Structure formats: structure tokens, C-alpha cells
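Colleague: Give me a 3D structure for the following:
(chains A and B)
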Amino acid sequence: MEASKLFRRTDDGADPLLSRDGEARRDEPASFRESSEPRWLKAVDLVSLSLAVLGGVAAAVLALNVILDVVGRSFFTKPLPGTLDLTTYAWMPTLVSLGLGYALLRGEHIRVSLLTAGASPRVQRALEIFCMALLAVVAAMLAYYGMQKAMNASTYGESAVGTPWLTIWPFRWVVVAGLVGLALQAIAQFVRVVRMKDFDSEAFDQELEAL
Amino acid sequence: MSEQTTLTAARADEPIGRGTKEHGNGGKRNIGVSVTAIIAVVLAALILFADTPRMVTGTLVIALTLVLMLLRIPIGVTMVSASILGLWSLAGKGALVGSLQEITFGSFASWSLSVIPMFILMGIAMGKSGLTSAAYDVARKWLGRMPGGLAVATNFAGAGLAAGSGSSIGITYAIGRVAIPEMIRSGYKSSLATGSVAMAGTLGQVIPPSVMLVIYAGVAEVPVGPQLMAGIIPGIILAFAFGAVIVLWATLKPSVAPRADVQVSWPDRFKSLVQLVPLVIIVAVVVGGIYAGIFTATEAGAYGAFVTIVFGIVAIARSKRSGKAVGAFLKESLVEAVSATASVFLLLVGVQLLTRVMAMSGVAQGLSDYIVHLGLSKIGFLFVLILIYLFLGAFIDELAMMLLTIPIFLAPLAALDVDLIWFGIFLIILVEIGLVAPPIGVLSFIVHGIAESSTRGMGVKIGIGDVYRGVMPFVTVALLFLVALIFVPEIATWLPSLSKAQ
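Modeller: All right, here's what the predicted structure looks like:
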């Protein structure tokens, strides 16, 4: 959460949970798509989208890899070497982890709004702030410990048991990158909600959809 | 709302679907939220600081997960954060760190679950390519003259699409946008019109390819291919049972569904079948390929996605005649598939951690011992489970319900010698009932949304109550089917035993 503190504008008050939507921010429209939004927020969105595009490439490669493997197996009695391990250790971790941040940007992570739907905008805003903070912390924790393992795996040059030429450790770093992307996007959403005057989860989600 | 083609995508939309626009009882709701938040803090403190027996800690972790879920925190995150506290308390820092180092990569790096992105990609590409719109058109040409014909056509179009795509919500959108306005225009009662669309959607997760069945297979550790095959016969039976409900309803009360004026000549009917060719090929590749043992589930998914994308490219190139549109179709399909896949796998990380907590705390084993001790028979236990799931389904998201309960119920189910592939089908039907049943059936809310937007200006008022009244007869039949499934388990287990699915 350090980054969000660094970037938060000084007039946003000390504690977002306690600060009333007072004078200081009267000039800000509720929408976060307005031009006064700090550029780094847009940059985070762009990073998420770019990572997701890379993930999309990995998904396409996975499909092609599997398709060619079957072709090779059936027509040339020669399957593509390492298809199973490549799919498991390379394509899957890449395509899944690189989509994490973008899924948050699109509001696609599954949530239950049964209880909160009727609550007042202030309560919803407080919840959303807490939620994004928790998400950022969880993602950062997973990234941090994943990185420890990735460093360790890099030093001994981890590779697939059945496919010795396939080094696995680089893909551990890809997963770390995806988790960092998720943490960054969570911080960006956190700041967005903090900056919003009237928070309405419905409007917020529609904003996300419009993006 | 084009991204609504996957199950997960649309779940994210719940706030829109379910959102009560009026903040009328906001005060009460605020208190509810505050109390829930305080409970969450208390639970977290108890897990961390109270010296409770292991089983109690495990139970507190489940309770904390549920409470955090109610606070609109992404479900995967609720499971991860509650499990972190639980692991810390049960096993100490070393074991927690060890779990966190491995859990993300370990959950993502899976061969058997690689079918999930492929099925999702298939569903999204199908929705974007317009291939789905043909199904209803053909079905109405063939079935439109029956009693309740348009609703019957809706139902079977849903079954057909279910065999090509694993998304309940995608199917509901594809059919609902066309079928609801036509039914209302023909004088159908809104309850029948909306109910039949919602039920057509539910078939999507039962008939393979089904993302939910794959997720179940992954968590329950059963082979994916046979699990998918197990859904075919139950899905077909349900489709015909729903069709029968419609015909019966329309025959007993002709006013709910006046005969539609569908004038189609036989040559026209046969000509319309051409539109179905892409869908039939996709179904043949995926379902046929797995059944015959030509493909593993992942291979079938990859070929299914490939064929769908090729048909999509042809369809788009024909209608739009621009390379740009084709490029956008490809890029959007892939990126949306990755995004939806990521949201599913974040849940799986949570389930993996939660499963560890359940194992360490002994909750699953304790529950299993308790049930065995109760002397509950297998059939008795399954009936109890129906009640538990109907109750849970009224409060929490269906996918969450499935993921939370599998780690807990697996041990008791094993103790009672319940076939886990059979249980997957049993569970998925309960999940589908939860998707449409009041008070929070997501699919019913989505159908309500489609009905409102697609019948604007027709002078009808369709409330969510109409949708619930419409789904009730079908839900009753689905529950009866569950009972039949308990007494005749072969309905689900026969086909997998026959097929060469891997």
C-alpha cells in the first residue's frame, strides 16, 4: 500500500475512511474517466491490458501447440515433444497470471453483492476501499513469496522432470509479474475509489464496463 | 455487454443484475454491513489469537470466508485471506510461507485444467461470431407450431447451444434477445417466455462442454473427460423434461401461449438446417472427439476453439468484409478469454489453500466421522445435501458454493462410497437450480434484464416475480430429476463407463 500513499494527492485528507466528501474535492466529478485523473492510473490500465494481450498470445500458442501435437501424433506418428509439460509449466501459468490485473480492471473477479447492494454510497465506498486494499495486500503477498521461490528455482535451474530441456523457473517469474500486475491494478482501483466523491458500486461497474 | 459470453464474465455483473436501485432501506442495509464487518474482525481475531481446538479454527476459517464474501470482496480473495490466517494459526509461519511460495504457480500449472481457457475461448468466440443466433431461428422453424412452440424452440435451441458452448449466460443472452420479444409479441405470458429462456440457459453447464464441470473435476480430482461425458444423458433428459413442461403448460392453459403464426414450408425448414452446420461440426469435434477417445478434454477444447474461431472468421469476413474486424474479433476473443480464465483461477488458488486448512484442521474428516456416526444412509445423506445446497444457494454465489463445499464434503462422500463423477452431475444440477431460483438467482436477474430491454415499447411490464413464477415449474421438474438420479445413478454413470473418454 506504500505506492498508493506516494501517489495520493495531498488534499485527499488523512484517512479516506473518515474524511467526509468535503470542500477540498468539490471540483472533482464523480467519474474517474475525467481528464484530471493522474496519468499513472491510465498507465496501470495500459500495463494490465498489455499483459492480458501477452496472455492472449500464450492462449493461442497453447491451442496451436495442442493442435499440432495431435496432428503429429495421428499423421506422422510423432507427437510434438514436451506438449504436456509445455502446456502445464509454460503456457498455462503465463496465460492465467497475465490476465489477473486485466480481469480486475474489467470487474470480472467474482463478487457477491447480495448484502451490500442496498447500502448507502458512503458504506459502499468504504467497503470498496477496504476490498481493494485487501486485494493489493493479498496479491503482493503472493507475489513476494512467489518471488522467493522463483529466485530459488532460478539458482538451481529448475526444469521439467519429464522434459529436461524445458526450464520452468522463467515462468515462475512470469507468474510473479502477473501478481505484481494484479497488485498494481488493485492499488489503482483503490486510489480511484478514494478520489470518487459519490461512490455507487453499480455506476462504478458500469464505468469499468465502458472502459 | 459482449463479454457476457462466459459464466464468470457475467457474474461480475451481478451488481447490475441484482442491484436494487432504490436505496430505500439503506439504513437497515448499512447496519447489516457494519455488523457483518464487525463479525469479520472478531472471527479474524479469534483465528489468530484464541487458543481454539483445530476443528474450531477450521470452522472459523469457513465462517470468515463467508462473511468476507458478503462484504463484496472477490471470492478468491476471501478464501486466500481467511486461509492465510488459518494456516498461520494451525501450522505456523514456516508452513504458511511454504504454501504461499508454491500455491499460485502450482494452481496455474495444470494440464487437466488447461481445458478451461480453451472452453472459455470457444464460448466467447462463438458469442462474438454470431453463430449462436442460428440455433433459435432453426428451432422455431421446426418446433414453432407445437403448443407453446416458441418456448419449446427456445428450450431446444438452448440444449443445442449447450452442446457447443459451456456458458449458461452466453446462451441466455444469445437466445433471450430474440426469443423473448417474439414470444411477447405473439401473446405469450411473460412468465412462460422468461422462464423458458432462463431454463434454456441452465442446460449450458450440464451438457458438455461445461466449464463448471471441469472446475468440479479439477477440485474433486476426477478425470475431466468422463466427467464431461457424464453430463450428456442427464442434460438430454432435462431438455426433454423441460420441453414436456412447456407443452403441458400450454395445453392445459392455452391462454399462456397462443399458437404463434409461424408459417414455414417444409423446403424452408430443411434449408434452415444449413445454418446449423457450423454448430453441429463444433459439437461433433468436441463431444464426439472426447467420447470416442480421439481427444483428451484439452485437445477437444483446443480443436473446438480453433474450429469456432475459423467459422467466426468466415462469418465476420463475409458480413463485414474487413480485415480489421477479423483482427478485432481475434484479439478480443483471446483477451476476454484470458481475463475470464484468470478470474476462475484466482478462485482455484483460494480453494487450494482452503483445502489445506480443511485437511490440517480435520474439519472434513470430523464431518465425515460425524455423518458416519449418525448412521445416515447414502441416500439419506444425499437428500440432506439437496436441502443444504438449496439453502446455501439462496445466500451465496453458486460457483463459490460449489468450491467451498467440495473440500468439506469430499471425505464424507468417500466414506459413504458415493461415486464422485456421479456427484459432479448431481451438484451441477443443484447449482443450476440455484442459478434461477429465488431470492438471488443470477440467471433470472439476467433474463429479467434482457426481457426489460428487449421488450421496450411493447407495453408490457415484466417483473422479476414473473421470471421466478416462470422458472418454478421447471425447477420442480429438475428437483424430481435429482431424486431420480439418486435412485438410478446409471443415468449419469452409464455413458462414461461406455465411452473411451480419457
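Colleague: need the contact list for A:Trp165.
Modeller: Contacts for A:Trp165 (C-beta atoms under 8 Å, 6 or more residues apart in numbering or on different chains) come out as A:82, A:159. Backbone N, C-alpha and C define where each C-beta goes, glycine included.
Colleague: in what helix or strand does it lie?
Modeller: Counting by DSSP states H and E, no helix or strand carries A:Trp165.
Colleague: Give me the distance between B:Phe306 and chain A.
Modeller: 6 Å (C-beta to the nearest C-beta, to the nearest Å).
Colleague: Look at that residue and say how many residues are nearby.
Modeller: 20 (other C-beta atoms under 10 Å in any protein chain shown).
Colleague: wait, isn't it in contact with A:Asn65?
Modeller: No: the criterion here is C-beta atoms under 8 Å, and B:Phe306 misses it with A:Asn65 at 11.7 Å.
Colleague: Enumerate the residues of the stretch 401-502 of chain B near chain A.
Modeller: Residues of the stretch 401-502 of chain B lying close to chain A by C-beta under 8 Å from any C-beta of the partner chain are B:Ile440.
Colleague: How about the secondary structure of the residue of the stretch 401-502 of chain B found nearest chain A?
Modeller: Distances between the stretch 401-502 of chain B and chain A by C-beta to the nearest C-beta are smallest at B:Ile440, namely 5.6 Å. What DSSP: H, G, I helix; E, B strand; the rest coil gives for B:Ile440 is coil.
Colleague: repeat for B:Val262
Modeller: On the three-state scheme (three-state DSSP), B:Val262 is labelled coil.
Colleague: which residue packs closest to it, ignoring adjacent ones?
Modeller: Once flanking residues are discounted, B:Val262 sits nearest to B:Gly144: 3.3 Å by C-beta to C-beta, 6 or more residues apart in numbering or on different chains.
Colleague: How about A:Cys131?
Modeller: In space, A:Cys131 is closest to B:Ile73, 4.8 Å off (C-beta to C-beta, 6+ apart).
Colleague: The residue of the stretch 401-502 of chain B closest to chain A: neighbouring residues, count only.
Modeller: Per other C-beta under 10 Å, the neighbour tally for B:Ile440 reads 22.
Colleague: right, and it touches B:Ala400 too?
Modeller: No: look at B:Ile440 against B:Ala400 with C-beta under 8 Å: they stay out of range, at 11.9 Å.
Colleague: Please identify the helix or strand for A:Gly118.
Modeller: Residue-wise, A:Gly118 maps onto no helix or strand under DSSP H and E.
Colleague: What count of nearby residues applies to it?
Modeller: Neighbour tally, A:Gly118, other C-beta under 10 Å: 23.
Colleague: same deal with A:Gly107?
Modeller: 25.
Colleague: check which helix or strand covers it.
Modeller: Short version: A:Gly107 belongs to no helix or strand, going by DSSP H and E.
Colleague: tell me the contacts of residue 86?
Modeller: Using chain A. Applying C-beta under 8 Å, 6+ apart, the residues contacting A:Leu86 are A:65, A:163, A:166.
Colleague: right idea, wrong chain: chain B
Modeller: By C-beta under 8 Å, 6+ apart, B:Gly86 lies in contact with B:47, B:57-58, B:60-61, B:357, B:360-361.
Colleague: Dump those residues into JSON lines; add neighbour count as well.
Modeller: Formatted as JSON lines, the contacts of B:Gly86 follow (neighbours: other C-beta atoms under 10 Å in any protein chain shown):
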{"residue": "B:Ile47", "neighbour count": "24"}
{"residue": "B:Thr57", "neighbour count": "23"}
{"residue": "B:Gly58", "neighbour count": "28"}
{"residue": "B:Leu60", "neighbour count": "24"}
{"residue": "B:Val61", "neighbour count": "28"}
{"residue": "B:Val357", "neighbour count": "29"}
{"residue": "B:Met360", "neighbour count": "17"}
{"residue": "B:Ser361", "neighbour count": "26"}
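Colleague: B:Ile215 contacts B:Leu399, doesn't it?
Modeller: Yes: under the criterion of C-beta under 8 Å, B:Ile215 makes contact with B:Leu399 at 7.5 Å.
Colleague: Let's check: the centremost residue of chain A is which one?
Modeller: Closest to where the C-alpha atoms of chain A average out (C-alpha atoms, centre = their mean) is A:Gly101, at 1.6 Å.
Colleague: Any regions of chain A where pLDDT drops low?
Modeller: Along chain A, the parts satisfying pLDDT under 70 run over A:1-36, A:197-211.
Colleague: Then the stretch 51-200 of chain B?
Modeller: In the stretch 51-200 of chain B, residues with pLDDT under 70: B:166.
Colleague: follow-up on the earlier one: where does the residue nearest to the centre of chain A land in three-state SS?
Modeller: Judged by three-state DSSP, the three-state class of A:Gly101 is helix.
Colleague: I'd like the distance between it and B:Gln227.
Modeller: Distance, A:Gly101 to B:Gln227, by C-beta to C-beta, to the nearest Å: 31 Å.
Colleague: same question, A:Arg172
Modeller: Distance, A:Arg172 to B:Gln227, by C-beta to C-beta: 30 Å.
Colleague: and the nearest residue to B:Arg54 once chain neighbours are set aside, what are its phi and psi?
Modeller: In space, and not counting its chain neighbours, B:Arg54 is closest to B:Ser361: 4.7 Å by C-beta to C-beta, 6+ apart. Here is the backbone geometry of B:Ser361 (degrees, to the nearest 10): phi -80, psi -20.
Colleague: How about B:Leu416?
Modeller: Dihedral angles (degrees, to the nearest 10) for B:Leu416: phi -90, psi 10.
Colleague: can you map out the helices along chain A?
Modeller: A:2-7, A:39-75, A:83-86, A:92-97, A:100-105, A:121-156, A:169-195, A:201-210 (DSSP state H).
Colleague: From the chain's centroid, how far away is the second one?
Modeller: A distance of 16 Å separates the C-alpha centroid of helix A:39-75 from that of its chain, computed with C-alpha atoms, centre = their mean, to the nearest Å.
Colleague: list the helices and strands it packs on?
Modeller: helix A:83-86, helix A:92-97, helix A:100-105, helix A:169-195, helix B:115-129, helix B:297-320, helix B:323-361 (3 or more C-beta pairs under 8 Å, 6 or more residues apart in numbering or on different chains; DSSP states H and E).
Colleague: got it, and the fifth one?
Modeller: Contacting helix A:100-105 under the criterion 3+ C-beta pairs under 8 Å, 6+ apart are the following elements: helix A:39-75, helix A:169-195, helix B:323-361.
Colleague: The ones you listed: which one's closest to A:Leu135?
Modeller: Evaluated with C-beta to C-beta, these place helix A:169-195 nearest to A:Leu135, the distance being 4.2 Å.
Colleague: what angle sits between the closest one and helix A:39-75?
Modeller: Put simply, helix A:169-195 runs at 140 degrees to helix A:39-75, going by axes from the mean of the first three to the mean of the last three C-alpha atoms, to 10 degrees.
Colleague: wait, does helix A:169-195 contact chain B?
Modeller: Yes: counting by C-beta under 8 Å from any C-beta, contacts between helix A:169-195 and chain B involve A:171-172, A:175, A:179.
Colleague: and those residues as a markdown table, adding neighbour count?
Modeller: Listed next are these as a markdown table, based on neighbours: other C-beta under 10 Å:
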| residue | neighbour count |
| --- | --- |
| A:Phe171 | 26 |
| A:Arg172 | 26 |
| A:Val175 | 27 |
| A:Leu179 | 25 |
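Colleague: Reformat the residues you listed as JSON lines; add distance to B:Asp466.
Modeller: Shown next, in JSON lines, are those (distance: C-beta to C-beta, whole Å):
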{"residue": "A:Phe171", "distance to B:Asp466": "51"}
{"residue": "A:Arg172", "distance to B:Asp466": "52"}
{"residue": "A:Val175", "distance to B:Asp466": "47"}
{"residue": "A:Leu179", "distance to B:Asp466": "45"}
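Colleague: Just give the number of residues close to residue 103.
Modeller: If you meant another chain, say so; for now it's chain A. That count, for A:Ala103 with other C-beta under 10 Å as the rule, works out to 30.
Colleague: sorry, should have said chain B
Modeller: Applying other C-beta under 10 Å, we find 22 residues neighbouring B:Ile103.
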